[in-house]
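>>> Model the following, please.
(one chain, ligands or ions: 1)
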Amino acid sequence: MEKSRIEYVLKKIEEQTSNAVEEQEKILENILKRNAETDYLNKFLHGQTDKQLFKKYVPLVTYEDIKSYIDRVIDGEPPNILTTEPIIEFILSSGTSGGEPKYVLSTAECSQKRASIPMLMEAVIHKHIEGLDKGKGMYLLFSNPDFDTPSGLKARMFSSSYLSSPTFKTTVCKYVTTPIEIILSLNKPQSMYCQLLIGLIRRHEVLRIGTIFASTFPNCIKFLQDHWKDICSNIRTGHLSDWITEQDCRTPMSSFLLEPNSELADLLEPIFENESWEGIITKLWPKAKYIDAIVTGSMSQYIGLIDYYSGRLPIISTFYNSSEACFGINMEPLNKPWDVSYTFLPNMAYFEFIPVDKESPQKAQKLHFNGVSNEESIEKLENGNAQIVDLVDVKIGQYYEVVVTTLAGLYRYRVGDILKVTGFHNKSPKFQFVERQNVALSIDRDKTSEADLSKAIKAAEIELEPRGFLLTAYSSFADTWSIPGRYVLFWELKLRDSNTDQLKLDSNTMEQCCRRVEESLDFTYRLFRKMNLIGPLEIRVVKFGAFDELMNFFVSRGAAPLQYKTPCCLKIKEAIEILDSRVVGKFFSNGNLA
Ligand code: AMP
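The predicted structure follows:
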């Protein structure tokens, strides 16, 4: 990115965040003016465009509340149902509604705003890391098929829409090692193979390694373990493996595999053959300055794995985004993963915030306002009386659920994410991502959130370190068939210094881990355990690569590889079976909880 362009983009970010109040006013005004006559808004506002009336009469909604309107658009009913702007496509969110993906309307303007985010981030990163324009990024990016809807419009994942956008093709593509045809190939294994092969051939140009969400990394490491011999042989002979049959992969590869390169193969093979793969990323790509991958929220479980393979290169979580709206970018990219906050961009959508009491001694799974009971506060919320605040009015240290109103027909839509305010960048708040507002595990009246589970597992990981184990992924389910029910955690472990599949698990350590998790869960959990309303927590250790199979399973059911987030909790029987069939050891918490 040119210096003048970086300065221009940074100046724009400063301007927007300084004018957060005006930008938010402007965007809401714009949305109301354009859409007051839609079927949806008309029902509440009768054609009026007053902002206060909007807040008073338009209800807070979830997907289920507006599904009937969205279904009408999908079915191709005449325009003006949710928005007067022409819809260009539907974006499929990775969240589901009754087992179906959620459809989000997209307009040209929204799509353009969304596509602008990586360029904003690029400018921020260039400001903090010098010399990136001297080379390229090896970005592992994958596309997903789209499909037609009765309306005649396509439906696709946000990542696929972004990768085929003009912005990506004309700008981002310039600084990545892989040609666009390979990125857009729908054959993921062939695309991944070629992306890694090109990345290795161009290894001295690679200054950063990235993807979108960190969950792609374990997949990529497993893929390298399975394919490095093939990759090195292709480099040595100058011929691409015959199993790469897709023309969109084969054709562009011919400009990279020009002639046999035994020198490079001789250099790479000993790196792969090494018993330990610790720091392998920096050995393969010695000029890499950082890893670009989102490691906040449920992705934080991959920090250990990335640190291990990258030899602790900085990890940059770039932006916070969803199919529904773009929220913010990370203005301090070199902060440690646990300290990452996202500065909201006030021109992306109109944002409101529902205060959430996370410090309540009761569970935080319900909303709680100003000392009012949960039930009352929900009633208040449903009646539209809760103390919902504007973007610029959030308070540092307070937790909120984010609500968006977009240019593409979402009005006061509860995204379901819980965020904590950590500060302000000019007038715009910075938020730490806390969790997706869903209960991960539940037995009896105990409800354990994703964030609580993640914290408890982190506390237990300390037990693994002296034994040389690394926790590379986890998930869980509530085993309600046992009496009493109990929480079961699946842990994928690997030995730090070896690539062996043979893990010698020590029951004492593993039982201690079970115990540590239990001790770190909250008051209600511990109380219920003491009362024997919940049985001893179980850890099932699975073979390295098991979570890769889990991802393949979800991808085969339509999840986009780039948007895939390892479920913190499994609800589908087949998914549980995939991990169960790869269990190498089961351990239970024993003894009484203090
Ligand atoms: P999707 O609509 O499939 O793109 O998923 C969007 C959801 O992914 C958001 O609502 C968040 O729950 C999660 N998400 C997106 N960006 C981040 C991030 N930077 N950190 C943590 N979670 C994120």
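>>> helices or strands next to the one helix or strand residue 447 maps to in the packing?
When secondary structure is defined using DSSP states H and E, the element that contains residue 447 is strand 446-449. Contact analysis of strand 446-449 by 3 or more Cβ pairs under 8 Å, 6 or more residues apart in numbering; DSSP states H and E lists strand 439-443, helix 523-530 as its packing neighbours. C-beta coordinates here come from the backbone N, C-alpha and C atoms, glycine included.
>>> Give the buried residues for the last one.
If you call a residue buried by 16 or more other Cβ atoms under 10 Å, then helix 523-530 has these buried ones: 524-526, 528-529.
>>> Flag whichever of these scores worst on pLDDT.
Across the buried residues of helix 523-530, the smallest pLDDT goes to residue 524, namely 78.
>>> Any figure for the gap between that residue and residue 71?
To residue 71, residue 524 is 39 Å away according to Cβ to Cβ, to the nearest Å.
>>> Likewise for residue 518?
Taking Cβ to Cβ as the measure, residue 518 falls 44 Å from residue 71.
>>> Pick out whichever of those two has more residues nearby.
With neighbours defined as other Cβ atoms under 10 Å, residue 518 and residue 71 compare such that residue 518 has more, 21 against 13.
>>> which ones are touching that one?
Applying Cβ atoms under 8 Å, 6 or more residues apart in numbering to residue 518 gives the contacts 456, 525-526, 529, 536-537, 589, 593.
>>> next one: phi and psi at the residue nearest in space to the middle of the chain?
Central residue of the chain (Cα atoms, centre = their mean): residue 213, 4.8 Å from the mean position. Dihedral angles of residue 213 (phi, psi; degrees, to the nearest 10) stand at phi -100, psi 140.
>>> so how many other residues sit close to the closest residue to the ligand within the stretch 51-200 of the chain?
Nearest to the ligand in the stretch 51-200 of the chain, going by Cβ to the nearest ligand atom, is residue 94, at a distance of 3.0 Å. Counted by other Cβ under 10 Å, the residues lying close to residue 94 total 20.
>>> swap in residue 163?
Quick note: residue 163 (other Cβ under 10 Å) scores 22 neighbours.
>>> just the helices in the stretch 51-200 of the chain please.
51-57, 63-74, 108-128, 158-163, 166-170, 180-184, 188-201 (DSSP state H, counting those that start in this stretch).
>>> now these as CSV including mean pLDDT and distance to residue 141?
Compiled in CSV, these are given as follows (pLDDT from 0 to 100; distance: least, Cβ to Cβ, whole Å):
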stretch, mean pLDDT, distance to residue 141
helix 51-57, 96, 38
helix 63-74, 96, 27
helix 108-128, 92, 11
helix 158-163, 90, 6
helix 166-170, 87, 9
helix 180-184, 96, 5
helix 188-201, 96, 8
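>>> In CSV: those, plus distance to residue 464.
Putting these into CSV (distance: least, Cβ to Cβ, whole Å) gives the following:
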stretch, distance to residue 464
helix 51-57, 49
helix 63-74, 39
helix 108-128, 33
helix 158-163, 33
helix 166-170, 39
helix 180-184, 36
helix 188-201, 29
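>>> Using TSV, please lay out the ones you listed together with distance to the ligand.
Conversion of the helices of the stretch 51-200 of the chain to TSV gives the following (distance: least, Cβ to the nearest ligand atom, whole Å):
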stretch	distance to the ligand
helix 51-57	23
helix 63-74	11
helix 108-128	10
helix 158-163	5
helix 166-170	16
helix 180-184	18
helix 188-201	17
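>>> pull the helix or strand with minimum mean pLDDT from the chain.
Per-element confidence for the chain was summarised using mean pLDDT, DSSP states H and E. The lowest value among helices and strands belongs to helix 374-382, with a mean of 46.
>>> Which positions within the helix or strand hosting residue 272 qualify as buried?
Under the criterion of DSSP H and E, residue 272 resides in helix 262-273. When neighbours are counted by 16+ other Cβ under 10 Å, the buried residues of helix 262-273 are found to be 265, 267-269, 272.
>>> Same check on stretch 229-240?
The neighbour-count check on stretch 229-240 (16+ other Cβ under 10 Å) flags 231-232, 234-236, 240 as buried.
>>> and the biggest strand by length in the chain, how far from the chain's centre?
If each strand of the chain is counted by residues according to DSSP state E, the longest one is strand 413-425. Going by Cα atoms, centre = their mean, to the nearest Å, the spacing between the C-alpha centre of strand 413-425 and its chain's C-alpha centre is 15 Å.
>>> can you check stretch 490-510 too?
On the basis of Cα atoms, centre = their mean, stretch 490-510 sits 27 Å off its chain's mean C-alpha point.
>>> How about the residues of the stretch 1-150 of the chain by the ligand?
Counting by Cβ under 6 Å from any ligand atom, the residues of the stretch 1-150 of the chain lying close to the ligand are 93-94.
>>> so residue 589 sits right up against residue 519, yeah?
No: under the criterion of Cβ atoms under 8 Å, residue 589 is not in contact with residue 519, lying 9.1 Å apart.
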